[in-house]
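Student: Below is the sequence, then the predicted model.
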Amino acid sequence: MARIDFYVLERADERARHTLACRLAEKAYRLKNTVYIHTKNRDDAVQLDALLWTFRDGSFVPHGISGSSDESEVSPVMIGCEKEGIESRDLLINLDDEIPPFAESFPRVAELVTSDENCRLLSRRRFAEYRDKGHSIQTHKL
C-alpha cells in the first residue's frame, strides 16, 4: 500500500497549489527521488513547466513534459496529464481532481488541496477512496 500525504493550504488559488508542487518536487529531487506531477490538462502541465524554472530564485529542478520529443523522459521530474502509460517513480504529485488510474504503482502520493470549497470537496472524495483501499494517509496543514 502507498503512503498518501494530503497537504492542505490556507490559500484558495491554484497558483499556490502549483508553487507547492514545485517545492515538493525540488525537495524530492534533492533527496535523489524521481517524481511524476500529474496535472488536469496539457495547459496546466505547460504552466507548471514554466513555474519550475522560476518559482524560487536559485532553484534548479531538472524536468520535462511527458510526451515531448526532446528526450526529457529521463528527467528526474516529469510533468504530464496522461491517464495511462506512466511508469512508476518514487513520488506522484497529483494536481488532478481524481486519482489517476496509475497511482497504485507509486509508493508515495502527494495530494495538494487549497481552501477553495470545490477543491476540498473533491479532495475529501479522494481521501475516502484512498482510505477505503487501505492506504496509509497523513494530513499536513500548511
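Tutor: Nice, I can see it. Numbers count the residues shown, from 1 in each chain.
Student: Going along the chain, name the strands of the protein.
Tutor: 3-8, 35-38, 63-65, 77-80, 91-94, 108-113, 136-141 (DSSP state E).
Student: Give me the helices and strands touching the last one, please.
Tutor: Right, strand 136-141. Other helices and strands packing on strand 136-141, by 3 or more Cβ pairs under 8 Å, 6 or more residues apart in numbering; DSSP states H and E, are strand 3-8, helix 117-132. In this view, the C-beta of every residue, glycine as well, is placed from N, C-alpha and C.
Student: which residue is nearest the centroid of the protein?
Tutor: Nearest residue to the geometric centre of the chain (Cα atoms, centre = their mean): Ile93, 1.8 Å.
Student: check contacts around that residue.
Tutor: Counting by Cβ atoms under 8 Å, 6 or more residues apart in numbering, Ile93 touches Ala21, Leu24, Ala25, Val35, Tyr36, Ile37, His38, Val109, Ala110, Leu112.
Student: Can you tell me which of the residues you listed has the most neighbours?
Tutor: Ile37 (30 neighbours; other Cβ atoms under 10 Å).
Student: Glu26 is in contact with Ser59, isn't it?
Tutor: Yes: applying Cβ atoms under 8 Å as the test, Glu26 and Ser59 come out as touching, 5.7 Å apart.
Student: out of these two, which sits in the busier spot?
Tutor: Between Glu26 and Ser59, counted using other Cβ under 10 Å, the more crowded position is Glu26 (19 against 15).
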